[in-house]
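Undergrad: Take a look and give me a structure for this.
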Amino acid sequence: MGRAPISRIKGRKVIKQKVKKTKQATIPRDPQIRALWEPLKSLQTNYRNIGLTLDVNNPDEAPTAATKPLVFHFENAPPRPPKELRLNKQEIGYYKALYTKHGDNYKSMALDIRLNPWQKTPKELKKKMTLYLEKYHERQLDLDAERKANAAAGLQSKRQRKRDKLQAAAAQRRAEAASAAQE
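TA: The predicted structure is shown next:
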């Protein structure tokens, strides 16, 4: 943040002044631009020397002839991997409920106000539902089957054990309060 201003020096008052921060221009990450970048010059001057412009929409600031020409070779550049689409836990539950009730009927999903509170259109629902069915539906079915098997075998999840423990403690406190009230 900077140095705190000093309010008094040996009995004299000193005027408080804010320390001005100087912001250095960020050097671009691209190795070709970094090689041509001069850190002591301003951002605008560096751009002008390379042949770039700060505002593409401003016709007055059209790129001029570069003093240091910059040539990009895109043939050697590796292709960017496609962005992986994901759903969060809330969306998984949302699409699971819609799919179990309506199946593949996206029009009825769009009209269901209780399960579709965000009023997604049939087209939006179809796009996200295909993602849900490809990535998450099988896993959800496996988890549901595992939960049912655990419930049948008498096994409980960590959350269920905690809930049962809290309920038992609350019941014990009520019983103690009732016995104390009778005495």
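
Undergrad: show me where pLDDT drops low in this protein?
TA: 1-17, 22-25, 59, 61-74, 77, 156 (pLDDT under 70).

Undergrad: the strands in the chain, which residues?
TA: With strands called from DSSP state E, the chain shows them at 8-9, 12-13.

Undergrad: Please tell me how far residue 105 sits from residue 112.
TA: In this view, residue 105 and residue 112 are 10 Å apart by CB to CB, to the nearest Å. All C-beta spots, glycine's among them, are computed from the backbone N, C-alpha and C.

Undergrad: how about the helices in the protein?
TA: In chain order, the chain shows helices spanning 31-36, 43-50, 89-102, 106-111, 122-135, 137-153, 158-182, with DSSP state H as the criterion.

Undergrad: Now distance to residue 78 too, for those helices, in a markdown table please.
TA: Listed next are these as a markdown table, based on distance: least, CB to CB, whole Å:
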| stretch | distance to residue 78 |
| --- | --- |
| helix 31-36 | 14 |
| helix 43-50 | 24 |
| helix 89-102 | 31 |
| helix 106-111 | 38 |
| helix 122-135 | 25 |
| helix 137-153 | 31 |
| helix 158-182 | 44 |
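
Undergrad: Any chance of a markdown table for these, columns mean neighbour count?
TA: Listed next are those as a markdown table, based on neighbours: other CB atoms under 10 Å:
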| stretch | mean neighbour count |
| --- | --- |
| helix 31-36 | 12 |
| helix 43-50 | 17 |
| helix 89-102 | 15 |
| helix 106-111 | 17 |
| helix 122-135 | 15 |
| helix 137-153 | 11 |
| helix 158-182 | 10 |
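
Undergrad: Minimum distance to residue 60: which of those has it?
TA: Closest approach to residue 60 among these is made by helix 43-50 (13.0 Å; CB to CB).
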